[in-house]
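# Below: sequence and its predicted model.
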Amino acid sequence: MDDISDILNDVSRNNDPFAEDLYAPRSVTQSGQADLQALTRAWVNERGAAELLPWPKDGLVERITERIKTQIEEVEVMTGDMDPKTNFGLIIIQTEVERWKFLVRSFLRARIAKIDKHTLYYLSSPDLQSRLSEMEVAYATRHQQLLHSHYLGSFLNSFPKQLQNLNDTAGGISMIGGPDDDSGVFARALGSKDGGAAPVIITGRGRDGDGEIEVARGEVVVARWADVKDHVENGEMELV
Amino acid sequence: MALPLSAGLTPTEVAFLCEMEMVTVIPRQRLESISLLSGPTPALRPPHRSPLPLWLALLLKRQRRANILPPPWLLPLSLERILKYETETSPETFSPPPPHPHPISARPSPSDSVSPPFLPSSTADAPAGYLPYHWLELGEILLEACPDDIPDSGRVRGLLRDLREVRMAKMRGSVSAVEGGGVMSLKGVGAMEVAEGRGFIVGVMDGLRKLGSSREVARREREEEGGAGGGDDEDEDMGFE
């Protein structure tokens, strides 16, 4: 009797050009689990920060989408030759796929919410724009175009010419609102990049004074986002 | 399309995270290994124990295909010890979290930066006497799903409730430390406690920051004029521990 993993392996080798990569004996455990951990961390960070975080660089989301797609194809094949033994395995596989899909969806939706809120801000400089994925840039641009032409059509047109801008910076005050950089966040130290068990050192700013605090690995602190932002982006800390 | 939730995980999302924790099960039926996205599951052979993620263990438990072995910290004796520590030894701060299961060696490894829920802090080999990050959710989920697997589950339920009350008071008390701004340590805090306290603590922090922003700007300007020497003295009386 073939067990499920054998069936899966056979099927994937026949249909999928990337099968060798995905189902190589050792890398399955390592990379699948590693991707799940990376996605979970990206999701929690994105849900915790007021600001849009950089799009994961190493093609994480694309890779995970591909994994989910392959797995769903397996399920479709397996439902063809149903016997009661594989039935329960199928339920487990589908439950897991649903969990992964939830993570991806919630991650993308959290990003869209932030882009919707401060569209012009994220499009305003190349540096900020580099945080968005290609699709998100296309979405944000289109969103802003629609909004602008709607505003023009409904009321901006009747304003004097010099008051029609949406990105005016006259008088030293920019019209483009951004997220609140100083909002409070809960963050956990993961360990210093300088190596070993060295604690992460945060420079915190307070009302009555500034100072440095050492945060040991695994310790959770409350701090302003701007003070821990660099540590989160270089992987020394994560939000919780 | 866009997510209508404000920043920070909600309690349901925390429970979702908690379901990724590893627990130990004792299978009652054979089950072959399954290739999941996160890697193959161990083949289940009764009566050999196997580590499984909590969501899968719950699925097996519900179908009466396995029993879940409660983590050692969830046993009454361990919880009593923690409660004693929380109330008598350290009435101000949380009890310490379990030691990191992957100690840092000289050579950097991928496990160095692994954090909950991916640490094996609730398997049968986890240390007793420490509350792991997802203690409250995990305890509640196990009490709900498999009270028959937990020895003296009524007592465990009561102890969890006591712990929760003691620690909630500490969480509320920590707000006074936030007043001056700066960074506040919550060593040993749990995930659900963060989710519950977030709205209040961040609200207080942001509100006070906005009220005190002119004072903060004035202080910064004063320090710049006075040079670095003046700044050091003021560091003494700020909200750092």
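Received, thanks.
# And for residue B:6, the neighbour number?
Residue B:6: 12 surrounding residues under other C-beta atoms under 10 Å in any protein chain shown. Glycine gets a C-beta too; all of them are placed from N, C-alpha and C.
# Helix, strand, or coil at it?
Applying DSSP: H, G, I helix; E, B strand; the rest coil to residue B:6 yields a three-state assignment of coil.
# quick one: it and residue B:127, what's the gap?
Distance, residue B:6 to residue B:127, using C-beta to C-beta, to the nearest Å: 36 Å.
# same thing with residue B:103?
Counting by C-beta to C-beta, the separation of residue B:103 from residue B:127 is 13 Å.
# Compare the two and say which one has the larger neighbour count.
Per other C-beta under 10 Å, whichever of residue B:103 and residue B:127 has more neighbours is residue B:127, with 14 against 9.
# quick check, the more buried one in a helix?
No. Residue B:127: not assigned to a helix; according to three-state DSSP it is coil.
# Just give the nearest non-adjacent residue to it, would you?
If the residues on either side of it in the chain are set aside, residue B:127 comes closest to residue B:98, at 5.4 Å by C-beta to C-beta, 6 or more residues apart in numbering or on different chains.
# Report the contact partners of residue B:62.
By C-beta atoms under 8 Å, 6 or more residues apart in numbering or on different chains, residue B:62 lies in contact with residue B:145.
# Just want the phi and psi numbers for it.
phi -60, psi -30 (degrees, to the nearest 10).
# What segments of chain B are strands?
For chain B, strands defined by DSSP state E occupy the ranges B:22-27, B:35-36, B:39-40, B:50-53, B:66-69, B:184-185.
# Include mean pLDDT when you put those strands into CSV, please.
What follows is those, written out as CSV (pLDDT from 0 to 100):
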stretch, mean pLDDT
strand B:22-27, 95
strand B:35-36, 90
strand B:39-40, 90
strand B:50-53, 94
strand B:66-69, 94
strand B:184-185, 85
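# Please render those strands as a markdown table that adds distance to chain A and mean neighbour count to the earlier fields.
Shown next, in a markdown table, are the strands of chain B (distance: least, C-beta to the nearest C-beta, whole Å; neighbours: other C-beta atoms under 10 Å in any protein chain shown):
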| stretch | distance to chain A | mean neighbour count |
| --- | --- | --- |
| strand B:22-27 | 11 | 21 |
| strand B:35-36 | 4 | 25 |
| strand B:39-40 | 4 | 18 |
| strand B:50-53 | 9 | 19 |
| strand B:66-69 | 12 | 22 |
| strand B:184-185 | 5 | 24 |
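# Buried ones in the helix or strand containing residue A:147, by neighbour count?
Residue A:147 is part of helix A:134-154, with elements assigned from DSSP states H and E. Going by neighbour count (16 or more other C-beta atoms under 10 Å in any protein chain shown), the buried part of helix A:134-154 is A:136, A:137, A:139, A:140, A:143, A:144.
# Now do it, average pLDDT.
Here helix A:134-154 scores 93 as its mean pLDDT.
# Give the residue spans of chain A that score low on pLDDT.
Applying pLDDT under 70 to chain A flags the ranges A:1-30, A:81-82, A:84-85, A:195-197.
# Please enumerate the helices of chain A.
A:4-15, A:19-23, A:25-27, A:33-48, A:60-80, A:84-117, A:119-123, A:126-129, A:134-154, A:225-233 (DSSP state H).
# Out of those, which gets nearest to residue A:168?
Evaluated over these, closeness to residue A:168 peaks at helix A:119-123, with 11.2 Å, by C-beta to C-beta.
# Wondering if that closest one reaches chain B at all.
No. Helix A:119-123 is not in contact with chain B by C-beta under 8 Å from any C-beta of the partner chain; minimum separation 11.4 Å.
# Can you get me the centre-to-centre distance for that helix and its chain?
Between the centre of helix A:119-123 and the centre of its chain there are 18 Å (C-alpha atoms, centre = their mean, to the nearest Å).
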